[in-house]
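> this is the structure alone, sequence omitted:
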């Protein structure tokens, strides 16, 4: 489909329809992406800062049961779980968030297919919105993205003026979705939208990711890693707000004497006990080693395994870090 | 600023301290902690309205304590602390985590800090913790810098919110806190940023038995946040770092400030104010009120 | 919905207390369809669970050629192993597997093999030993060198006596100096020392080694000195694992996920890994 134009009012009409059809509509809120109950909550502003937390929790929940169990005298019954089949539309996702599925999909389908993730991802329709914000923490351009990238979006919006957006269908899924709303679409003006996207200030490229990848391969023992962990307080803020960090824990929780569930919960490699063995041995016993793992996993190991950088350059981790540790600064320093 | 930097460099050069834990400016409206070990590092030290971190959180870290050993000797640590941060240093000494003679406290005459990085400093952006503050001059220090300035007068929104919640029914209060705690993602940034959460192994990390669930569902979130509030009762000094560190904007100051008020009203105790006073939960007096239990 | 986290149910058919803190379970998969079609290769591991306590990772200690039972051995350390220790015959546990890679036994046919194990490290090696013994004619000389801290810490006492009784393999058992008892007729000395003394020729020989990190650290140089080629020394890496299927990130070291690219590695691959395990 060619580029079209849609008014903000009609976009909100689509939203009203999505909500009244019983589907889930998500949009950036004050802190995180939130489920919309009423369209008056929707703010489609390309100039706002990225939310503090990503929308990862909608495909990879912060805590979810993977099986239910019931203990009998000496046997056990296991109850299956089915992920709810519910269409989800995410409206106004920034380009630094939209590419997250393309990155995460590899891991959740590496030989073993995690249906908890796949079923949810399949039901997602991502309507991305061009970004016109940039601060010293943004580095989408250093990891192969940009404020005007439609990678990962099913439909991409470019604000033309206060009341109108250019609408581009990026994927077949997006085309299927917008087919029902063709009545709202007017003829597009590619020159006008190009003028808008051309005017967007791109964050300066901070580092060459290929060069960083190469440096990481030969600098595991480099003394630069020694001081990196000094300030870190070992929480998991950076991992949990990240759109692509995906480490998790599996724990059992009883809720009665005989019944319970096995939970799959977010976990972070910065926690002191992440690699702690029952024997007491801890291969990553100091923060510097843990932070080294974070950078290596994101910029080398994931690239080698799946061909994608495990980072979208959104800068949430650094913006939100209580002690202002800046991953862009650390990765930029990964050179001789 | 120059005086501060000179003083810090002198301490290091004379071999009185092993390191100076301070703030450095990283952008116009943001600072970051720095552990200064050289004169070059000291030249970066600052103090201004953007010094939000409570640096005393580093004083109980093993890797920082190790820094004290220099060439066979054990030196002091210097720390730049706002008067409110000094309260947490005092609380740590009260709880036997530090010795007064091991810390060189560099403090300031403080007129308040901003709510969050990136804001201009004025009455509207004054941090919530600065509003009820009554210690613009540090209670303990080895060196004080800075001119005495007026703190902008602002209404106490946190107190107003506490009073509004107190008027709610028990069911309404439960709903309110449940909806706030539902946002929690169990990143434990609150615990990490808190100088008084220094337990080597937090109760929520213990698995035999599992006292506090690690899952970030309603029950797990409620238990974590309430357990932390209880473990800080009578100890929290109100630095507000937990709320600032929280990525989900959970109003942790409501719970913690409420417990501070309770401690003051029931036991006339305020944490971190005097080295002569024993801690509230670490001491017993037959005259202690029983009302909180009945 | 296909659920990769859902375990099979297995019944504890028999419990053997190897030492005061080590146990072996002989398990039978409960679902007859699953039990019939289940197969694995020597070196693979599984996630064993006590429902309500959690999951723990152990190798499958029985040989894939012996299908009566699936066996696992574990040392009682933490939450889940303590819970496993409280179970009785007839109880049900969860079994998720087989996961990981395996020892390349097919490729190593025709060679000599020396098995070197220490303490509970005999468990993952035992499945390979029994597999090789069941395919005995496909291999040349077989040597087993096993060491434990003391006589009381020796595991698989039954199996060891069976191996010792066989004339077609050489079995050497040692205890650490001070760990012997009256009437002990085995060797006395740390495993690296005994390996240096009694290991077979490195010519056309592959080695399978498993044990505590300190034992491996000191035995590897001995093997190198004896002329063993790095790519012919295999070990199985003990690492903290959770999901077992390459997703949770816990066992990620370098470019490798121990649960997917391992846990069996040869010494060349081990040396390439960042040394954080």
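Happy to help now that I have it. This is a predicted model, so every value here is computed, not measured.

> I'd like the average pLDDT over stretch A:139-150.
Average pLDDT, stretch A:139-150: 95.

> anything in it near chain B?
No: using C-beta under 8 Å from any C-beta of the partner chain, stretch A:139-150 stays clear of chain B, with a minimum separation of 15.1 Å. Any C-beta I mention is one placed from the backbone N, CA and C, and that applies to glycine too.

> helices of chain B, residue ranges please.
Shown for chain B, the helices assigned by DSSP state H span residues B:2-13, B:39-42, B:62-66, B:83-94, B:157-166, B:170-181, B:189-193, B:218-232, B:241-245, B:252-267.

> quick one: closest of the ones you listed to chain C.
Chain C lies closest to helix B:218-232 among the helices of chain B, at 15.5 Å (C-beta to the nearest C-beta).

> now do the same contact list for residue A:268.
Shown in contact with residue A:268 (C-beta atoms under 8 Å, 6 or more residues apart in numbering or on different chains): A:235, A:236, A:238, A:239, A:240, A:245, A:247, A:274, B:187.

> in the stretch 1-150 of chain C, what residue is nearest chain B?
The minimum distance from the stretch 1-150 of chain C to chain B, using C-beta to the nearest C-beta, falls at residue C:79 (4.7 Å).

> how is the chain partitioned into domains?
Because you didn't say which chain, this covers chain A. A:4-54+A:83-198, A:209-332 (automatic domain parsing).

> I was after chain C.
For chain C, the domain assignment from automatic domain parsing gives the residue ranges C:8-99, C:112-236.

> and of the ones you listed, who's closest to residue B:159?
Using C-beta to C-beta as the measure, domain C:8-99 is the one of those that comes nearest residue B:159, at 43.6 Å.

> is chain A contacted by the closest one?
Yes: contact between domain C:8-99 and chain A, assessed by C-beta under 8 Å from any C-beta, occurs at C:9, C:11, C:30, C:49-55, C:77-78, C:81, C:88, C:90-92, C:94.

> among these, which are located in helices?
Counting by DSSP H, the residues of domain C:8-99 next to chain A contribute residue C:81 to helices.

> which of the residues of domain C:8-99 next to chain A are buried, as a ChimeraX select command?
With 16 or more other C-beta atoms under 10 Å in any protein chain shown as the burial test, the buried ones among these are selected in ChimeraX as follows:
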select /C:9,11,49,50,51,52,53,54,55,78,81,91,92,94
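
> if we can go back for a sec, and the residue of the stretch 1-150 of chain C closest to chain B, what's its pLDDT?
Looking at residue C:79, its pLDDT reads 94.

> what sits against it?
B:207, B:208, C:53, C:54.

> for the residues you listed, which one is nearest residue A:118?
Ranked by distance to residue A:118 (C-beta to C-beta), the contacts of residue C:79 are led by residue C:54 at 25.2 Å.

> isn't that closest one right up against residue A:252?
Yes: using C-beta atoms under 8 Å, residue C:54 is in contact with residue A:252, at 4.8 Å.

> okay, now the unreliable bits of the stretch 151-294 of chain B?
Under the criterion of pLDDT under 70, the regions of the stretch 151-294 of chain B flagged as low confidence span B:292, B:294.

> let's see 80
Under the criterion of pLDDT under 80, the regions of the stretch 151-294 of chain B flagged as low confidence span B:289-294.

> how about the residues of it near chain A?
Applying the criterion C-beta under 8 Å from any C-beta, the portion of the stretch 151-294 of chain B that neighbours chain A consists of B:183, B:185-189, B:191-193, B:205, B:210, B:213-217, B:220, B:241, B:244-245, B:247-249.

> what's the burial count for the closest residue to residue B:251 other than its chain neighbours?
If the residues on either side of it in the chain are set aside, residue B:251 comes closest to residue B:180, at 6.2 Å by C-beta to C-beta, 6 or more residues apart in numbering or on different chains. Residue B:180 is surrounded by 19 other residues when neighbours are defined as other C-beta atoms under 10 Å in any protein chain shown.

> in chain C, which strand has the most residues?
In chain C, taking DSSP state E as the definition, the longest strand is strand C:8-19.

> sorry, slip of the keys, the one I care about is chain B.
strand B:17-27.

> adjacent strands (with direction) for that strand?
Using DSSP bridges, the strands paired with strand B:17-27 are strand B:30-36 (antiparallel), strand B:45-46 (antiparallel), strand B:76-81 (parallel).

> pick the most deeply packed of these.
For these, the stretch with the most neighbours on average is strand B:76-81, a mean of 24; neighbours defined as mean count of other C-beta atoms under 10 Å in any protein chain shown.

> farthest pair in the contacts of residue C:79?
The span of these, defined through C-beta to C-beta, is set by B:208 and C:54 at 10.6 Å.

> quick one: the domains of chain A as TSV, columns for distance to residue B:27 too.
Supplementary listing: these in TSV, determined by distance: least, C-beta to C-beta, whole Å:
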stretch	distance to residue B:27
domain A:4-54+A:83-198	6
domain A:209-332	9
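
> centroid-nearest residue for the chain?
In the absence of a named chain, this looks at chain A. Nearest to the mean C-alpha position of chain A, counting by C-alpha atoms, centre = their mean, stands residue A:243 at 2.3 Å.

> my bad, the chain I had in mind was chain B
Against the mean C-alpha coordinate of chain B, by C-alpha atoms, centre = their mean, the closest residue is residue B:239 at 3.8 Å.
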